[in-house]
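Participant: Here you go, sequence then predicted model.
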Amino acid sequence: MVAMRIATLLLMSLAAGACGLEGEIFTPLTDRGHVLLPGAQDTVLTGRVDVALAGATTRAVRADGESLGGTTSVSDDQGVFSLRFPGVLSARGALVVAERGAQAVFGLVPELPAQPSVFHEERWIALAEVHPVLAELGVESSTVALLVLRAAHLNGVAVGALSGDAILDAMDQALALMATPGSSGAMVATAVATLQQAASATTQGDSPWDLQSLSGGSVLRAEWLANELVDLDGDGVQDADSAKLDEALDEAAAELNLSVCYVPDRIKVVFQVELGADLKDGNCATLDPYKWAADTPASRVFFTGGVHSDSPICDEGGQEGCLQTDEIEPTDQLLGAWEPNLVPMWDDGTHGDGVAGDGIWTFEVELPYWDPSTSASGAGLRIGYKYTLGMPGQGWTSTEEWPGNKRILEIVDRNSDGIVVRRDAFGDEASNKDKANALKPSAGGCGTNAWASEPVAGCGADTEERMVDTDGDCLADSWPDPGPVVPLIQACDEAD
Ligand SMILES: [Ca+2]
Ligand SMILES: [Ca+2]
Ligand SMILES: [Ca+2]
Ligand SMILES: [Ca+2]
């Protein structure tokens, strides 16, 4: 992103004064004496698949299985392929996937840097020079990729949040682990080889791998395994689902030491608010999101809020575990400073939004952080906020969730994944609304909402990151998915 911005700036500055440039650099690209700059030159990734997979179609995907862009390529009879990417593209922890029939092998590419400028030549990157295991995509490179993806997952980060060096280091460790006889890493490698063999012999047309779930969850598709006689763990019993491989992956990946340290004093906070039909409120009753806000076609969802007056504020003199006085105003500004219809939320798959058009609107923000459990006050950063549905610049009336009261939230990373994710339903007055809270007494409702870190007898508290119901039974069962948002991390030595 940064490199892309630099390239754009460069284009802009050159477009302004480009006439003075030496003509021969861009001879074919002049227009009335003004230089027309070309776009950044492509990056070309070249590699080889196991020759048994010659003719495989190769492509690049992100760790979540989505396409990275770029071209696809059919490997030649030596297994050689090359993939071409726009020079502005940068990616960490991308996968090169080679597929032929039911066979699929992977290679984890630690880093694909964007071209530094439009003046750089087309750049070729040979996978063999990136890491020895990438010299040939096959069982070994697939196993390494699976282990590193799983290790990142166990650490609560997307592999793309790691530095290129951290990914390379993890690949070294994975390779060493799978070379240790009897280790869980070796078992994963054996299972991958067994699958590869089954895939080369099957009449099924697609591969056993669930590309969307390689980073965590069940890596193999049960419907594929059900049609084969595959024994993943060598116990002589057919495995009709992914469990044995997933368990071995968990065990092996836990042995990898990723250099991941969260930034200690800042945190990503993700607000996700659902707006649509068939929503339930905190009482499990049907929710009318338009009780106060007008359902106007051109409206969109906005976020606003600010630092809550119950926040612990530091005294002069280097205190920690509280908000510094000079952080109050910038934090207010980040949250919209109680200006309605100013800070947009997104439901188009950008700005941290997971899925475009699913009715879940997202606002991602980076806030000051300290761990309340180790702070003198025992309290975290406390904020008030509210959602509005309106046009940019519109006032409160007929756009806010409800008049008067606000939602309250204490910034605590409850599930230790380095992100605070708060999922709400638009207009839910039985949630973290501070006063005139509609939560039923049987569910702990008492008309107000007490901070979870300062409980009030007889009152429930809904003031933190919390689990949500994903299967419609009104019982919270899962932590909300942070989508594409990754934690703020830094090299571990910086954190010492
Ligand atoms: Ca078995
Ligand atoms: Ca969405
Ligand atoms: Ca969290
Ligand atoms: Ca549930």
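Facilitator: Looks like it arrived, so ask away. Ligands and ions are numbered 1, 2, ... in the order given.
Participant: what residues does the stretch 301-450 of the chain put near ligand 2?
Facilitator: Residues of the stretch 301-450 of the chain lying near ligand 2 by Cβ under 5 Å from the ion: 347, 353, 355, 358, 360. Yep, even glycine has a C-beta here, placed from its N, CA and C like the rest.
Participant: My read is that the second one contacts residue 344, right?
Facilitator: No - in this structure, residue 353 sits apart from residue 344 without contact. The criterion is Cβ atoms under 8 Å, and the distance is 10.8 Å.
Participant: got the residues of this structure near ligand 4?
Facilitator: Residues of the chain that fall close to ligand 4, judged by Cβ under 5 Å from the ion: 469, 471, 473, 475, 477.
Participant: is it possible to export these to CSV including secondary structure and neighbour count?
Facilitator: Shown next, in CSV, are the residues of the chain next to ligand 4 (DSSP: H, G, I helix; E, B strand; the rest coil; neighbours: other Cβ atoms under 10 Å):
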residue, secondary structure, neighbour count
469, coil, 14
471, coil, 8
473, coil, 9
475, coil, 10
477, coil, 10
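Participant: ok so, going back, would you convert the residues of the stretch 301-450 of the chain next to ligand 2 into CSV that also reports secondary structure?
Facilitator: Shown next, in CSV, are those (DSSP: H, G, I helix; E, B strand; the rest coil):
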residue, secondary structure
347, coil
353, coil
355, coil
358, coil
360, strand
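Participant: just the buried members of those?
Facilitator: Among these, those buried by neighbour count (16 or more other Cβ atoms under 10 Å) are 347, 353, 360.
Participant: The last one bridge partners, please.
Facilitator: With beta bridges defined as DSSP bridges, residue 360 has these partners: residue 274.
Participant: Tell me how far it lies from residue 270.
Facilitator: 11 Å (Cβ to Cβ, to the nearest Å).
Participant: repeat for residue 335
Facilitator: Per Cβ to Cβ, residue 335 is found 13 Å from residue 270.
Participant: ditto for residue 117
Facilitator: 33 Å.
Participant: Now render the buried ones among the residues of the stretch 301-450 of the chain next to ligand 2 as CSV, adding distance to ligand 3 and pLDDT.
Facilitator: Below are those laid out as CSV (distance: Cβ to the ion, whole Å; pLDDT from 0 to 100):
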residue, distance to ligand 3, pLDDT
347, 22, 96
353, 18, 94
360, 17, 97
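Participant: what residues does stretch 58-77 touch?
Facilitator: Under the criterion Cβ atoms under 8 Å, 6 or more residues apart in numbering, residues 45, 47-49, 53-57, 81-86, 89, 91, 93-99, 109, 137, 149, 152, 158-160, 210-215 lie in contact with stretch 58-77.
Participant: what is residue 96 paired to in the beta sheet?
Facilitator: Where residue 96 sits in a bridge, its partners, by DSSP bridges, are residue 60, residue 107.
Participant: Verify the stated contact: it with residue 131.
Facilitator: No - Residue 96 is not in contact with residue 131 according to Cβ under 8 Å; the separation is 12.0 Å.
Participant: who's more crowded, the two?
Facilitator: Comparing residue 96 with residue 131 by neighbour count (other Cβ atoms under 10 Å), the higher total belongs to residue 96, at 26 against 19.
Participant: Check the gap between that one and residue 240 for me.
Facilitator: Distance, residue 96 to residue 240, by Cβ to Cβ: 29 Å.
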